[in-house]
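A.B. asks: Sequence first, then the predicted structure, then my questions.
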Amino acid sequence: MGDSRREQAEQATRQAVAALQRGEAAAAKRLLEEVVAQGDLPIPPWFLLAQACRHAGDETGERRALDAVLEAEPRHVAALIMRGDGHVRDGDHRAGSAFYQAALAAAPPPDRCSRLLAGELRRARQAIADHSDIFAAHLQSRLADAGVAAVGRVGDAVDILLGRKNVYLQQPTSFYFPGLPQIAFYERQNFPWLEQVEAATAEIRSELQAVLADQLSFRPYVESDPNRPPKTSPLLGNASWSAFHLYQRGTPHPDNAARCPRTMAALRHAPLPVIRGRSPMALFSMLRPGAHIMAHNGLLNTRLICHLPLIVPPDCTLRVGNALRTWRTGEALVFDDSIEHEAWNRSAETRIVLLFEIWRPEISDEERIALTALFEAITDYGGIGADHEG
């Protein structure tokens, strides 16, 4: 393109911008169409043309210009938002939300957004939320027509589809055993032996009360290991989350176990893994007022974690994946700690549970023998350390 034609194109583009600023969309559109028709500009002003077409009411021209912008620059945030607007005008909210989502994913950090772009991004987020409500009402209406409701797993699937819940799967940090079901909380009735453990709640709680007379018996749950890199947990060395170990690294604690004989007897009803240097594992887990165990995943998915609630004030919550549960004294919770989870004590009192691990019921006896040998070999090699939760 010659210098004179380039100068003419640049001048016409400036005139078009001025026309847009004066509200003369039709004039701006005519000027910009002439510019892009030349076909050999280094960077044709397609986005300006799209804006002019929008203000002039030319939806077909707007879409054609935006497609040209996105063909050259697929992550052009403002063009993606405008493209989404076009679909919403046509009544296709799902397509509109897809473009809005792409714009949000491509957007620069907030501190690098102009005020105008930040406003457009807020509008896109609100449009997505509005569409989600419309889509949810549509789905609920169709389910009602079919005589069913969005409850249970169907309800979870709908919430994930609508972006109200996330997909949480087993993601152990050190050892993954394939082929296991993705279940956050297991139902108590699946473990008949739990009744015998729960029946001992009063005796276990009595032993706990005696232990609590000596608060120094509890140690911070998260402690550093001189043979591993420093931990970054905000609860490192913090007594807000404390433990009184009964079984630790596969053997009864030399002092603590003798102080709680009824608790140790109750634990014998559970299918505790017996793995040298690692399991059984059992402890009284204390969360002091205001404590928050941040979201994290356990090391292994070959075990489940059991909580027998002993001292449970209100406003204490455990989240595993998308599921929230509260503790009730004497009613055990069984969950998969390899799924992301966290816990809160928002009360002004201390929460304490008896915590222990069990084999996953889906793992066969033969597999347990193999895993025991494998974990002991890893331990001998200096591998995965003991890990407990909540």
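C.D. replies: Sure thing, it's come through. Numbering: from 1, shown residues only.
A.B. asks: And V334, its phi and psi?
C.D. replies: phi -130, psi 120 (degrees, to the nearest 10).
A.B. asks: what pairs with it across the strands?
C.D. replies: For V334, the beta-bridge partners are Y186, C306 (DSSP bridges).
A.B. asks: That one: what's it in contact with?
C.D. replies: Listed by Cβ atoms under 8 Å, 6 or more residues apart in numbering, the contact partners of V334 are F185, Y186, R188, N190, F191, L194, L304, I305, C306, H307, I358. (Each C-beta comes from the backbone N, C-alpha and C, glycine too.)
A.B. asks: what number of residues lie near A323?
C.D. replies: 16 (other Cβ atoms under 10 Å).
A.B. asks: Tell me the spacing between it and P271.
C.D. replies: Remark: distance between A323 and P271 (Cβ to Cβ, to the nearest Å) = 23 Å.
A.B. asks: can you give me the helices for the stretch 151-300 of the chain?
C.D. replies: All helices of the stretch 151-300 of the chain, identified by DSSP state H, counting those that start in this stretch, fall at 152-161, 194-199, 201-212, 261-267.
A.B. asks: So which elements touch the longest one?
C.D. replies: Using 3 or more Cβ pairs under 8 Å, 6 or more residues apart in numbering; DSSP states H and E as the contact definition, the elements that helix 201-212 packs against are helix 261-267, strand 303-311, strand 351-359.
A.B. asks: For that helix, list every residue counted as buried.
C.D. replies: Residues of helix 201-212 classed as buried by neighbour count (16 or more other Cβ atoms under 10 Å): T201, I204, R205, E207, L208, V211, L212.
A.B. asks: so how far is C260 from E203?
C.D. replies: 9 Å.
A.B. asks: pretty sure H138 is in a helix, no?
C.D. replies: Yes - going by DSSP: H, G, I helix; E, B strand; the rest coil, the assignment for H138 places it inside a helix.
A.B. asks: how many neighbours does it have?
C.D. replies: 11.
A.B. asks: cool, F335 as well?
C.D. replies: By other Cβ under 10 Å, 24 other residues sit near F335.
A.B. asks: Do I have it right that S338 meets N301?
C.D. replies: Yes - assessed by Cβ atoms under 8 Å, S338 is found in contact with N301 at 3.7 Å.
A.B. asks: which one of these two has more residues nearby?
C.D. replies: Counted by other Cβ under 10 Å, S338 and N301 do not tie: S338 has more neighbours, with 29 against 24.
A.B. asks: quick one: that one and F177, what's the gap?
C.D. replies: 9 Å.
A.B. asks: again, but for R219
C.D. replies: 30 Å.
A.B. asks: Break the chain down into its structural domains.
C.D. replies: If you go by automatic domain parsing, the domain ranges for the chain are 3-134, 185-380.
A.B. asks: and of these, who's closest to I160?
C.D. replies: Closest to I160 of those, according to Cβ to Cβ: domain 185-380, at 8.1 Å.
A.B. asks: Mind telling me which residue is nearest the centre of this structure?
C.D. replies: N166 (5.7 Å; Cα atoms, centre = their mean).
A.B. asks: if you count what's nearby, which of R219 and F177 comes out ahead?
C.D. replies: More crowded of R219 and F177, by other Cβ under 10 Å: F177, with 18 against 15.
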